[in-house]
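Novice: Next one to model:
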Amino acid sequence: MEGPRLKIPLILTALLVSTMAVPWTTSAEICSNVEHLEFDGQNANESVTTQVNFGARVPGSDASEDLRNWFIETRPEFDWTLDPHQWDGYNLTNLEGRLVPENAEPLGPVVVLAAHYDSRDRAERDPDQNMTNVPIPGANDGGSGVAVLWELARILPTMSLDHEVWILLTDAEDQGPAPSMLGAKAWAENRTDEDISRIDAFLLVDMIGDADLKIYRTFPPYVGDEEGDRLWDAVRTLAGPLGLIDNVTDCGGNPGLDIVNFSKTDGVIDDHVPMIDVGIPAIDFIDIRYGENASVWQGYWHTHEDTPDKVSAESLAHIGRLLELGLREGSWLKVQVNQTEPMQHQEEAQASTFGPVVIGAVFTVIALIFVGFLGLHESVRLKR
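Specialist: The predicted model follows:
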């Protein structure tokens, strides 16, 4: 007798969720910014070849220095700082650039965009045993994240944001028998309390160039972590209009692709973890299945097949546009304020939500009546 009675509230809950879960951030609101996105995936993709041509970007190498100089020289609008460290026998150097827009609030919120720029010093998964101790090209693992940040750094100075954006290239993430994250640890441990309190989001991009791109929510942060949930909820809100969620209609009215997927989660220890450890809200965009039909941590990962031809301009654009849209929408900030949307679009968004809310309310009333009938029918049946 307990079973049938328990079904009633479950049915009610399901119907209420399905009818009342109306998104308040509408496509009309976000699509006004989608139309103005400037991220160029082809431009980003060409920079992957530039990086690989420098050579193996292992800590302390000439190739590592060449990459830093290239980034600084081609993106002069940022205030760049070299941050050297001696750690575990590595001579590593982080590169940090700060962009402070004219209308940014002094000591106001900060969004950090991060990627590791070193390439792995060995290829322990390469099928050729004679090559396992030779550094990999690192086109995707290292190069793709840097490519996205390099292209974003081109357009950020023109976006008229009202908060600071820092770009962080960490060194020595992928050295030794296991990923070391030495540069990220050094950077996190040297943050002041003021820095930590100002950083609203640390957004890490790593291995996001695979042509068969699949991004799942990563943990840590775990589900139920308030700051992690806030940032991943923002990802979900942004990915739909961009056409990155399966069967969710994009701003052009087309069904979305299965790129960003919340049906499963991936546990990943990466450069975002040292940030979480010191209290900085951080998430990781990473595809740990490198290559078509590759399984977890397989495919071209940590082999000499990690070459520029495996990196897709379209995939770089997917992630770059998502980050750019989030910046234009103010989605990464703790207090989310649309930074560029005119009042006209706000009014249109409010009007566009009215219809769905009314429809939701009507269906809710029908659901309540239906559930009431079921409850009466069940009561009668049980009495018999």
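
Novice: Pretty sure A44 sits in a strand.
Specialist: No - counting by DSSP: H, G, I helix; E, B strand; the rest coil, A44 is not part of a strand but helix.

Novice: quick one: low-confidence ranges for the chain?
Specialist: In the predicted model of the chain, residues 1-27, 336-384 satisfy pLDDT under 70.

Novice: repeat that with 80
Specialist: 1-29, 179, 336-384 (pLDDT under 80).

Novice: So which residues of it form helices?
Specialist: 2-20, 27-34, 41-54, 62-74, 143-155, 182-189, 193-198, 226-239, 272-277, 313-329, 343-383 (DSSP state H).

Novice: All the strands of the stretch 201-350 of the chain, residue numbers only.
Specialist: For the stretch 201-350 of the chain, strands defined by DSSP state E, counting those that start in this stretch occupy the ranges 215-219, 260-267, 282-286, 289-290, 298-299.

Novice: Between those, which one is closest to I199.
Specialist: strand 282-286 (8.6 Å; CB to CB). Using the backbone N, CA and C atoms, a C-beta is placed for each residue, glycine as well.

Novice: Can you dump the C-alpha atoms of that closest one in CSV for me?
Specialist: The C-alpha coordinates for strand 282-286 follow below in CSV (Å, rounded to 0.1, in the frame of the first residue of the first chain):
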residue,chain,number,x,y,z
ALA,A,282,37.8,27.4,-10.9
ILE,A,283,36.6,25.0,-13.5
ASP,A,284,38.3,23.1,-16.3
PHE,A,285,37.3,22.8,-20.0
ILE,A,286,39.0,19.6,-21.2
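
Novice: Enumerate every residue touching S144.
Specialist: V48, V205, D206, M207, I208, G209, V311, S315, L316 (CB atoms under 8 Å, 6 or more residues apart in numbering).

Novice: Over to F78?
Specialist: G97, R98, L99, A153, I167.

Novice: do E38 as well
Specialist: Under the criterion of CB under 8 Å, 6+ apart, the contact list for E38 reads I155, T158, E324.

Novice: Going by distance to D141, which of those residues wins?
Specialist: Nearest member of the contacts of E38 to D141, counting by CB to CB, is E324, at 22.9 Å.

Novice: Now do the most centrally placed residue in the chain against H318, distance only.
Specialist: Geometric centre of the chain, nearest residue: F285, 4.1 Å, by CA atoms, centre = their mean. Using CB to CB, to the nearest Å, we find F285 at a distance of 10 Å from H318.

Novice: picking up where we left off before, closest one to D126 out of the contacts of S144, please.
Specialist: Among the contacts of S144, and counting by CB to CB, the member closest to D126 is M207, at 16.9 Å.

Novice: so I288 makes contact with V296?
Specialist: Yes - with contacts counted by CB atoms under 8 Å, I288 reaches V296, the gap being 5.5 Å.

Novice: more crowded one of those two?
Specialist: The neighbour comparison of I288 against V296 (other CB atoms under 10 Å) goes to I288, with 23 against 12.

Novice: So this structure: which segments form each domain?
Specialist: For the chain, automatic domain parsing gives the domain ranges 2-19+347-383, 37-339.

Novice: could those go into CSV alongside distance to C31?
Specialist: Formatted as CSV, those follow (distance: least, CB to CB, whole Å):
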stretch, distance to C31
domain 2-19+347-383, 10
domain 37-339, 4
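
Novice: What residues does G108 make contact with?
Specialist: Neighbours of G108 in contact, by CB under 8 Å, 6+ apart: D162, H163, E164, R198.

Novice: Tally up the residues packed near S263, please.
Specialist: 8.

Novice: Excluding residues flanking it in the chain, which one is nearest it?
Specialist: Y216 (7.9 Å; CB to CB, 6 or more residues apart in numbering).

Novice: Show me the beta-bridge partners of the one you found.
Specialist: Bridge pairing for Y216 (DSSP bridges) gives the partners N261.
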